[in-house]
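Q: Sharing a model prediction with you, sequence too.
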Amino acid sequence: MLVYRKKYMDKIIPFIDTPFIKILTGIRRCGKSSILSMLIDELKKRKINGEQIISYRFDSLEFDEIKTVKDLYTEVKSRLCDGKKTYLFFDEIQEIEEWEKAVNSLMSDFDVDIYITGSNSRMMSSEISTYLSGRYVSFKILPLTFGEYLDFRKSYTDINDTQKEFLHYLKIGGFPAVNIREYTPDEVYTVVRDIYNSTIFTDIVKSSKIRKIELLERIVKYAFNNIGKTFSALTLSKYIKSQNRTIDTETIYSYLEKLEKAYILHRCSRYDIKGKEYLKTQEKFYLADLSLRHAVLGYSPDSIPALMENVIYLELLSRGYDVYVGKFADTEVVFVAMKQENKLYVQVTYEINRNDTEKREYGKLLDIKDNYPKYVVRMDDLAGGNYEGIRTMHIADFLLCEEY
């Protein structure tokens, strides 16, 4: 079952028949292959003949005989349509070493339109910049946002209470594979553990030849358990030392970078709102999907405030914003989101049930003297309304806003 992912299709469709290679990146099983299928359907709607559409899935045994860049070029060349544009779809192309050389040659030598997916760091490496410089556009695909999750759910069940659905979304996350029908949380986490293991052991351990696997997994668990908290490599090093293990900070930085490049973690840097400068210390990390945390550490209701932050971070990212932790004087605004000339501030809190809490959460935003939109996002029943120009919203309503 394919549920149309309009958010991404609207971004990619304008580039059909343009002289750019379209590269879709993202964590395993986030829906990249399905989007390729949607693009093929779009071409067929445009009356493109089936013989002009050629598709390869390089994680399948069907194409196991294609092992080298030369094999790839020769195979594709033999199937091109004479006198007509050929549309090429390469799924999980990182399985072919130096694939970018073949793609570059195909673009130069023939009348083709190329679409590519990949799940690891080689998709954004320096080799691509070297061989495909100025010839590609990339699209970062994320697991389902809350709105997309509801679209999937509506295809097989009735949706009556979006706030109740949001709590369910916090538990099972947004991987499309676990949202095509009703699954129990245990069934979801079985699927997600497989995604996690294949990403860790194939995209990181195997490709980087990591030998200290246990230390890598300790770093993963620490990051998963500290969503939305600022921490440094030194902090992490001390934590591992407390468990009678040793690791140097350079190795920690290296492992965190590999987790980013495999799209398991997203790094959120700090931004000085008053000084208008980007800061390079005390970053935060957020997960590609909440279900990864639950599959590895188990689900805990106590983690809901951190999960709320993670969801909002991914929502803003999916809408094309650059997202930062905001620093203003001695206080922190959870998120500053920027897109071209647009900017907005978002403060996230589970509930506000005391005057001092209300003063603290709203005061951080009131101190920022500009006219950009400001939001306090909550989960309590009293969320909603306006507080001295700051919009208060329940998180489910915030996530479903058409625009901010």
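A: In hand now; what should we look at?
Q: Now name the helix or strand holding L43.
A: helix 32-45 (DSSP states H and E).
Q: What's the separation between I312 and T145?
A: As judged by C-beta to C-beta, to the nearest Å, I312 and T145 stand 10 Å apart. (Glycine included, C-beta is placed from N, CA and C.)
Q: If you could redo that for E75, that was the one I meant.
A: With distances taken as C-beta to C-beta, E75 is found 37 Å from T145.
Q: These two: which has the busier surroundings?
A: T145 (22 against 15; other C-beta atoms under 10 Å).
Q: how about that one, what does it touch?
A: Taking C-beta atoms under 8 Å, 6 or more residues apart in numbering, we find T145 in contact with K7, G174, L314, E315, S318, L399.
Q: Nearest to T199 among these?
A: G174 (15.5 Å; C-beta to C-beta).
Q: Report the secondary structure state of that closest one.
A: At G174 the chain is in coil, as set by DSSP: H, G, I helix; E, B strand; the rest coil.
Q: Need the phi and psi values for it.
A: Phi and psi for G174, reported as degrees, to the nearest 10, are phi -120, psi 20.
Q: From the structure, what's the count of residues near it?
A: Using other C-beta under 10 Å, G174 has 24 other residues around it.
Q: Same question for N310.
A: Using other C-beta under 10 Å, N310 is surrounded by 25 other residues.
Q: That one - nearest residue in space that isn't next to it in sequence?
A: When the adjacent residues along the chain are set aside, N310 lies closest to Y286, with 4.8 Å between them (C-beta to C-beta, 6 or more residues apart in numbering).
Q: So which bits of stretch 89-107 are buried?
A: 89-96, 99-107 (16 or more other C-beta atoms under 10 Å).
Q: picking that back up, now for I312 and T145: what residues contact both?
A: L399.
Q: any idea which residue sits dead centre in the protein?
A: Residue closest to the mean C-alpha point of the chain, counted by C-alpha atoms, centre = their mean, is L142 at 3.6 Å.
Q: mind listing what that one touches?
A: L142 makes contact with G26, C30, G174, A288, L314, L317, S318, according to C-beta under 8 Å, 6+ apart.
Q: do that again at 7 Å, thanks
A: G26, C30, L314, L317, S318 (C-beta atoms under 7 Å, 6 or more residues apart in numbering).
Q: which SS class is it?
A: With three-state DSSP as the criterion, L142 reads coil.
Q: Domain-wise, how is the chain divided?
A: Domain ranges of the chain: 6-140, 147-399, per automatic domain parsing.
Q: would CSV of these with mean pLDDT be doable?
A: Listed next are the domains of the chain as CSV, based on pLDDT from 0 to 100:
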stretch, mean pLDDT
domain 6-140, 93
domain 147-399, 92
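Q: Wait, a strand at the residue nearest to N310?
A: Yes. Per three-state DSSP, Y286 lies within a strand segment.
Q: hang on, isn't it packed against Y313?
A: Yes. Checked against C-beta atoms under 7 Å, the pair Y286 and Y313 is within contact range at 4.7 Å.
Q: and these two? which has more neighbours close in?
A: Y313 (26 against 21).
Q: Find the helix or strand that the more buried one is a member of.
A: Secondary structure assigned from DSSP H and E places Y313 in helix 304-318.
Q: Just the helices from the stretch 1-150 of the chain, written as ranges.
A: Here the stretch 1-150 of the chain has its helices, by DSSP state H, counting those that start in this stretch, at 6-12, 32-45, 69-79, 99-109, 126-132, 146-154.
Q: which helices and strands does the fourth one pack with?
A: By that I understand helix 99-109. helix 69-79, strand 112-118, helix 126-132 (3 or more C-beta pairs under 7 Å, 6 or more residues apart in numbering; DSSP states H and E).
Q: buried residues in the longest one?
A: Think helix 69-79. V69, L72, Y73, V76.
Q: Nearest residue to F90 in space, ignoring adjacent ones along the chain?
A: That would be I116: by C-beta to C-beta, 6+ apart, it lies 4.8 Å from F90.
Q: Verify the contact between the one you found and T25 for me.
A: No. Counting by C-beta under 7 Å, I116 does not reach T25; the two are 8.9 Å apart.
Q: So for those two, which residue has more residues nearby?
A: Neighbour comparison, I116 and T25: the larger count goes to I116, with 26 against 21 (by other C-beta under 10 Å).
Q: Can you name the residues that contact the more buried one?
A: Contacts for I116 (C-beta under 7 Å, 6+ apart) come out as I21, K22, I23, L24, F90, I93.
Q: hmm, try it at 10 Å
A: By C-beta atoms under 10 Å, 6 or more residues apart in numbering, the residues touching I116 are 21-25, 32, 36, 88-94, 99-100, 103, 123, 128, 132, 136, 138.
Q: Bridging across strands, which residues link to it?
A: Counting by DSSP bridges, I116 is bridged to I23, F90.
Q: Let's see the helix or strand in which G326 is found as PDB, backbone CA atoms only.
A: Element membership of G326 [criterion: DSSP H and E] is strand 322-328. Only the C-alpha atoms of strand 322-328 are listed here, as PDB (Å, rounded to 0.1, in the frame of the first residue of the first chain):
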ATOM      1  CA  ASP A 322      17.200  25.100   9.800                       C
ATOM      2  CA  VAL A 323      16.600  24.400  13.500                       C
ATOM      3  CA  TYR A 324      18.800  25.500  16.400                       C
ATOM      4  CA  VAL A 325      18.700  25.600  20.200                       C
ATOM      5  CA  GLY A 326      18.300  29.300  21.000                       C
ATOM      6  CA  LYS A 327      20.500  31.000  23.500                       C
ATOM      7  CA  PHE A 328      19.400  34.400  24.800                       C
END
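Q: now do the same end-to-end measure for stretch 335-351.
A: Stretch 335-351 has an end-to-end distance of 17 Å (criterion: C-alpha to C-alpha, to the nearest Å).
Q: With respect to V191, which of the helices and strands packed on helix 99-109 lies nearest?
A: Of all the helices and strands packed on helix 99-109, strand 112-118 sits nearest to V191, with 19.6 Å by C-beta to C-beta.
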